[in-house]
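[1] Sequence first, then the predicted structure, then my questions.
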Amino acid sequence: MSKAQSDVAMADLEKNPYTTFDPEVHYATASLDTADTTTSLPAPLQKLHRLAQKLDIETRGIEPVPENLRTPASLWSAGSMWLAANLVISTFTIGTLGSAIFGCAFWDSIATIIFFNMLGIIPVAYFSTFGAKMGMRQMVITRYSFGYVGAWGISLLNVIACVGWSATNVIVGAQLIKAVNNSFPLWAGIVIITLATVAITTFGYKVVHIYEKWSWIPAFIIFLIMIAEIARSGAFQITPMPTGATEAASVLSFGGTIYGFATGWTSYAADYTTYQPRSISSWKVFASVYISLLFPLCFVEFIGAAAITMIDTPKYGDAYTANSIGGLVGAILSPLGRFGSFCLVVMALSIIANNCPNQYSFGLSVQTWGGWFQRIPRFIWNVLGAGIIIAIAIPGSTRFTTVLENFLNLIAYWLAIYFVIVLEEHLIFRRGQFSNYDLSAWNSPSKLPVGVAAVGAFCVGVAGFVVGMDQVWFVGPVGKGIGAFGGDVGFELAAAFAGVTYPVARMVEKSFENLMVLLFVVNSKDAQKALFQQPRANPPPSPSVSCIAIAIKCK
């Protein structure tokens, strides 16, 4: 860089405290990081890395994706990913919880499904636009509000979410396979589905997108067949809609579960748009993802809400008691004979589409911890994650409904806090402009926010969900006061508490950061020479005046 270019860059930096994005510098830095990661690996891992490249396995981890490696704009690619991931039996299961767990009537369940899904998918669609504009994974973007160290905790929560979602999903798939052959052990179904998912996600972003692009079609056809079988069974029934505070509490609690499932993709959202070009319209990406989430979530959960009303009929009730969701679906499709059994197997394998995002993002989240976690290639973490999923799912399969309901609510709590903090950072402190992010600082702790404000606001948000939660193992004082049996308003209070705290805490943190810059300038001989040795018409101001001027400029 010439002296003239350097002077221009310094002038731009003085005008804007955030460094503007230079694609050439940024992508060169990312390439160097990737190379350093590879060469620092032990010899066996380097051989694995070279083998992966020969097999066309994606070797890029959390390093930003340069523009020349991105694919042409495709809204269908961005949308079909989420269409396939949610048009699965796991989504059906969520629809059944309204009646099975919370005692909601059919039409109450339908209204709850629509409203809370519309609310829950907003963060996913919104953060999907970040991936294309910044070329970064979701957990790396998290560093720009939580800081380098603070993002470790969020990544840990995301790792738990990836494993938890995958484990609960494979349990449902294994139940479906068991419904075809009752002697088939649940553990075997869990292993088969998990390994099949690993076979796809190991190859990376491109293969995951190709699979998701088409895998939704057979599942959609089978769900249409299920609608026909439910309609002609004569067992579907619409119970009267209760009213009053107790019913409102049930709706709120079921709504929290719906929200938790819908918003569960928030912490992965940008992972699946990083290869979209920066020129793509953010509004179009948002709309594509939003519609591709809303349709399958509502469509399949409606079917689940209808199917669970059938368990008052002995045939379906006995099947549900014996084998949970798998038994119920098996009973619904049983009039179709062998074709019905075939549908069950296909439906079980649809879990792969649901778990691909979970297992792919698992490795990316682990790499965000930096150091050796980042040096170990993503595809190796992908395989290790599969082992953890199997280890958790097999013992968890015996108490599935309780495990799922508790897990989903916990997911809703922390993701509500996370969304509010990252959203406020973008809209308030970055003024909604991606040019206000120093994208070259993605892996430099000293150039990122301290993160104390975000971590502090997160802790305050935790206090919010504690007082508002209504779980089997704990009921908060606010949750206890809703209805006769309590109601869950944990995610609402969590978001509100964090949303009020973060702007204030972040302003204090920024003032502290400005003070650190000021102290650095005052104590730096090079900075003093640059400040006082420049030719001026007037004598240089006193150090105290200069310090005040610098502090003002930093703000």
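    Now that the structure is in, tell me what you want to look at.

[2] Tell me how far G363 lies from I160.
    When distance is defined by C-beta to C-beta, to the nearest Å, G363 is 14 Å away from I160. C-beta here means a position set from N, CA and C on the backbone, and glycine is covered the same way.

[3] Those two: who's more crowded?
    G363 (26 against 15; other C-beta atoms under 10 Å).

[4] Report pLDDT for that one.
    With respect to pLDDT, G363 has a value of 93.

[5] helix or strand right after the helix or strand it falls within?
    Here G363 sits within helix 351-367, counting by DSSP states H and E. The helix or strand immediately downstream of helix 351-367 is helix 372-375, counting by DSSP H and E.

[6] In contact with N158: list those residues for me.
    Q138, M139, S267, Y268, S361, S365 (C-beta atoms under 8 Å, 6 or more residues apart in numbering).

[7] Out of those residues, which comes closest to S444?
    Using C-beta to C-beta, M139 is the member of those that lies nearest S444, at 15.9 Å.

[8] Work out for me the element that closest one sits within.
    Counting by DSSP H and E, M139 is found in helix 138-141.

[9] Y259 now?
    With DSSP H and E as criterion, Y259 is part of helix 245-262.

[10] What mean pLDDT does that helix get?
    85.

[11] Check which helices and strands it sits against.
    Helices and strands touching helix 245-262, by 3 or more C-beta pairs under 8 Å, 6 or more residues apart in numbering; DSSP states H and E, are helix 89-100, helix 106-120, helix 282-307, helix 400-424, helix 490-523.

[12] can you put the contacts of N158 in a markdown table and add neighbour count and distance to R60?
    Below are these laid out as a markdown table (neighbours: other C-beta atoms under 10 Å; distance: C-beta to C-beta, whole Å):
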| residue | neighbour count | distance to R60 |
| --- | --- | --- |
| Q138 | 30 | 15 |
| M139 | 26 | 15 |
| S267 | 29 | 19 |
| Y268 | 27 | 16 |
| S361 | 29 | 14 |
| S365 | 29 | 15 |
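
[13] Follow the chain on from whatever helix or strand C162 lives in and name the next helix or strand.
    For C162, the host element (DSSP H and E) is helix 143-180. Remark: after helix 143-180, the chain's next helix or strand is helix 186-201, criterion DSSP H and E.

[14] can you list the residues that contact that next one?
    With contacts defined as C-beta under 8 Å, 6+ apart, helix 186-201 is touched by 166, 169-171, 173-178, 207-208, 211, 348-349, 351-352, 355-356, 359-360, 382-383, 386, 389-390, 393-394, 397.

[15] Mind giving me the ChimeraX command for buried ones among those?
    The buried residues among the contacts of helix 186-201 can be selected in ChimeraX (16 or more other C-beta atoms under 10 Å) with this line:
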select :166,169,170,171,173,174,175,176,177,178,207,208,211,348,349,351,352,355,356,359,360,382,386,389,390,393,394,397
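
[16] Now do the helix or strand containing A391: which elements does it pack against?
    For A391, the enclosing helix or strand under DSSP H and E is helix 378-396. With contacts taken as 3+ C-beta pairs under 8 Å, 6+ apart, helix 378-396 sits against helix 43-54, helix 143-180, helix 186-201, helix 351-367.

[17] between those helices, which gets nearest to I482?
    helix 143-180 (26.4 Å).

[18] Could you give the average pLDDT over that closest one?
    Rounded mean pLDDT across helix 143-180 is 91.

[19] Redo the helices and strands packed on helix 245-262 as a markdown table? Include mean neighbour count.
    Output for these, formatted as a markdown table (neighbours: other C-beta atoms under 10 Å):
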| stretch | mean neighbour count |
| --- | --- |
| helix 89-100 | 25 |
| helix 106-120 | 20 |
| helix 282-307 | 21 |
| helix 400-424 | 23 |
| helix 490-523 | 18 |
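
[20] Redo the ones you listed as TSV? Include distance to S77 and mean pLDDT.
    Output for those, formatted as TSV (distance: least, C-beta to C-beta, whole Å; pLDDT from 0 to 100):
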stretch	distance to S77	mean pLDDT
helix 89-100	21	91
helix 106-120	22	95
helix 282-307	9	96
helix 400-424	24	80
helix 490-523	30	82
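
[21] need those in JSON lines with distance to R60, can you?
    Shown next, in JSON lines, are the helices and strands packed on helix 245-262 (distance: least, C-beta to C-beta, whole Å):
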{"stretch": "helix 89-100", "distance to R60": "29"}
{"stretch": "helix 106-120", "distance to R60": "30"}
{"stretch": "helix 282-307", "distance to R60": "21"}
{"stretch": "helix 400-424", "distance to R60": "23"}
{"stretch": "helix 490-523", "distance to R60": "31"}
